[in-house]
Every structure is written in C-alpha cells, then in structure tokens.
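Student: Show me how the following folds:
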Amino acid sequence: MRKDHRRWLWLSIGAIIIAFIIYNLSRSPEWASFRWSRLWALLTGAKPDLLLLALVGVFGSYLLRAWRWRFFLSPIKKASLWILLKGQVLGFSSIYLVGRPGEFVRPAYIAKKENVSMSTMLAVWLLERIFDTVFLVLLFAAALDFEPLEPGTMRGSTILVALHRGGDAMLVFAFLLVAGLVVFWLRSRQLTAWSLLAFRFLPKTALSKLQHFLRSFAQGLSVIQSWKDLVGSLVLSAAVWFVNTSIFWLVFRSLPGGGANLSWLAAAVVLFCAALGLAVQIPGVGGGYQVSIILALNELYNQPAETATGAAIIVWLIMSVPCLLGGLGLLVHEGLTFRKLEALADEERQLAEKS
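Tutor: Predicted coordinates:
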C-alpha cells in the first residue's frame, strides 16, 4: 500500500473513532443540558495572567527538550542550543499540521543543521521517546495513587477501575523498561549479538531491520557515557513533564467555576489521558487529544460539559497555536515550507536505513 493511501486509511479510522466517541457523549444525560452560551462565558472569563504563565510554560518545555537533546549529543559534538530549539518548534508544529509523519522533522532538521548522521539523531529521538514514556507512566501511576477520585456516574467508575488496573500494569512495565534500558546500556554489544542469534530464523530482510534497530538504539544509548549523564537526562525528563503538567493545571486554574479547584495531580491524570488521545489525531484539527481531555474531566472529575469542553479548547489553543506561529516564522526566516521539511525527513530517514 502506498504511503499516501496508508495515511488516508489511518486518518479515516481515526475520524470514525472520534465521531463514535462524540456521538456517545452527545447521547449521555450529563450532556443533554449543554449550553453554548455557558461555554462562551467560560472561555471569555478565563484569567489571562494564568494563561500567559501557561504559554511561557509551553515554550519552556521546548527549551527543556532542546537542552536535553544537547545533553544527549554532547559526547558527539557541542550542538547549538538555538538550532536544537528551532528543531523542537519546527518538529512539533509539523506534527500539528501533518500528523505523526512530522515526528521525523526534528531529527532530520537537526541532523542537517549540525552535520550529524540521521542514524544518530533517530537513536537520540528513540531514547527521548523511552524517557518520556517512562516518566509519563510514573507520573500517571503516582497521580492515581495519591489523587482522590470519586466519579459521579457508573461509566466514570468503570473508567476509573480500568485506569487503576492499567496504571498498575504500566507502572510495572515502566520499571522493567528502565531496568532493561540500564542493562542494554551496560551490555549493548553482547545483547545485540545474542538477539541476532536468537532470531536467526527470521527472513533476511526482517533480521537486517532488527540489526539496524539494535545498532541505532545502542548508538543512542552510547551518548550516555556515565552515571552522571544518565542522572542528568532523567532530571531533565522529569522537568519536562513537570512543566507539561503545570501547563494543564494553569489552564484549569484560569477557568471560572469548579475547574479552578482541580489539583496538580488531577492535571497529571488528564495529561495522561490526553497523551493516549494523541494516537487518534486528524492533522490540523486534532480530535482524540481534545476528546480525551473532555472525557477525563467530565467522567473522572465530574466537571460540567461546558467546563470540560472549554478546558480542552484552551489547552489545544495554548499548546498548538503559539507553536504553529513560531514554526511559520522560522520557515519564512529559513526559506522553507512544511512540505519541504517533510521531504527532508523522508530523505534523511531513507539514507539512515541504507547506512
């Protein structure tokens, strides 16, 4: 199946899932009294000072991510923090516009600007994904354990039970992932050779891809050359997710009504649900991200439909619009377009796969 066809297939599936969720929401009793006038009053009554702090947090998170990438690359070369920051803004703005294929814009842009191999940058990107997954799961598990939740509906109680079970399972998975990461960091060569021997029954093409993946992963871990490097990376990852959670919390605090009473840990739970919703996204529109925020606030924290919807809208605006404007400004400055960035990412990725 061609790349464009696959993309449209997944977009269609995502749109159907989002439409199904919205349809079920609209038929629930708690949404029967939804009033657009109340939603408008909520949006216009949001506190601008807290929203401004949230906006500062958004760009602060990009700066922390750039600093983390500089930390990862420091054993290879001293990368420019400004180029790394531009790469973060361009990469995330590409994701907002074209969806998940935009993920490769960040490593491709930085590889081109810093004259570093794409294989190295993909390895750093993979390492970042692992660190982010571990910290998001740990944050979610801690929030579930320490944040009192009393859903007001049977459906909310069912969702909460499922979240607790899933949180416990993901907490175990996170610890196993960290342990596996440390072991592979210490014994990457031996484990790579063992894996290739154990899976020698696979077709030659699949075995070659496995070898390339393990080699890239080992290369990514090689940027961590000491326990000090590892601890520093973990501290920066913790800072990234502290800021991301605080952005959600500041948005909730800015809203008049019950949303202002939600705790920081409640914001962490909603953030985790929003992250799950990123799997079902329509480029340029979103969808799953906002719907997940609405579901979490309405079903788990008994927030009125208007409050949940208003929070989802403001979070989306705060997270996406400034990034898109910054990305467009950088594109104009460098004489690029998002299509050229996507083409660059495809080209660099193909070169990495051949290397």
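Student: mind listing the strands for the protein?
Tutor: Using DSSP state E, the strands assigned to the chain run over residues 281-282, 286-287.
Student: Report the separation between the two terminal residues of stretch 41-48.
Tutor: 14 Å (CA to CA, to the nearest Å).
Student: In contact with the residue nearest in space to the middle of the chain, which residues?
Tutor: Geometric centre of the chain, nearest residue: Ala275, 5.9 Å, by CA atoms, centre = their mean. The contact partners of Ala275, by CB atoms under 8 Å, 6 or more residues apart in numbering, come to Leu136. All C-beta atoms are positioned from the backbone trio N, CA, C, and that covers glycine.
Student: what's the spacing between it and Ile293?
Tutor: 10 Å (CB to CB, to the nearest Å).
Student: roughly how far apart are the residue nearest to the centre of the chain and Tyr96?
Tutor: 15 Å.
Student: can you check Ser157 too?
Tutor: 34 Å.
Student: go on, Phe248?
Tutor: 17 Å.
Student: okay, those two: which has more neighbours?
Tutor: A direct count of neighbours by other CB atoms under 10 Å for Phe248 and Tyr96 places Phe248 higher, at 25 against 21.
Student: For the residue of the chain most remote from its centre, give me the backbone phi and psi.
Tutor: For the chain, the residue at maximal distance from the C-alpha centroid (CA atoms, centre = their mean) is Phe201, at 35.2 Å. Dihedral angles of Phe201 (phi, psi; degrees, to the nearest 10) stand at phi -70, psi -10.
Student: pLDDT wise, what is the residue nearest to the centre of the chain at?
Tutor: Ala275 is assigned 83 on the pLDDT scale.
Student: could you check the distance from it over to Leu177?
Tutor: 16 Å.
Student: ditto for Pro148
Tutor: Using CB to CB, Pro148 is found at 28 Å from Leu177.
Student: How about Ile130?
Tutor: 7 Å.
Student: Pull the contacting residues for Arg70.
Tutor: Each residue near Arg70 by CB under 8 Å, 6+ apart is listed here: Lys78, Ala79, Leu81, Leu84.
Student: Of those residues, which is the nearest to Phe173?
Tutor: Using CB to CB, Leu84 comes nearest to Phe173 of the contacts of Arg70, at 29.6 Å.
Student: contacting residues around the closest one?
Tutor: Ala66, Trp67, Trp69, Arg70, Ile110.
Student: how about a cut-off of 10 Å?
Tutor: Neighbouring residues of Leu84 by CB atoms under 10 Å, 6 or more residues apart in numbering: 62-63, 65-73, 106, 109-110, 113-114.
Student: can you check Arg129 too?
Tutor: Neighbours of Arg129 in contact, by CB under 10 Å, 6+ apart: Glu103.
Student: Provide the count of other residues in contact range of Gln303.
Tutor: So Gln303, with other CB under 10 Å, has 27 neighbours.
Student: give me phi/psi at it?
Tutor: phi -80, psi 140.
Student: any idea how far Trp185 is from it?
Tutor: Distance from Gln303 to Trp185, by CB to CB: 43 Å.
Student: and if you look at Lys204?
Tutor: 29 Å.
Student: Tell me which of these two has more neighbours.
Tutor: More neighbours surround Trp185 than the other of Lys204 and Trp185, with 19 against 7 (other CB under 10 Å).
Student: Many thanks, I have nothing further to ask.
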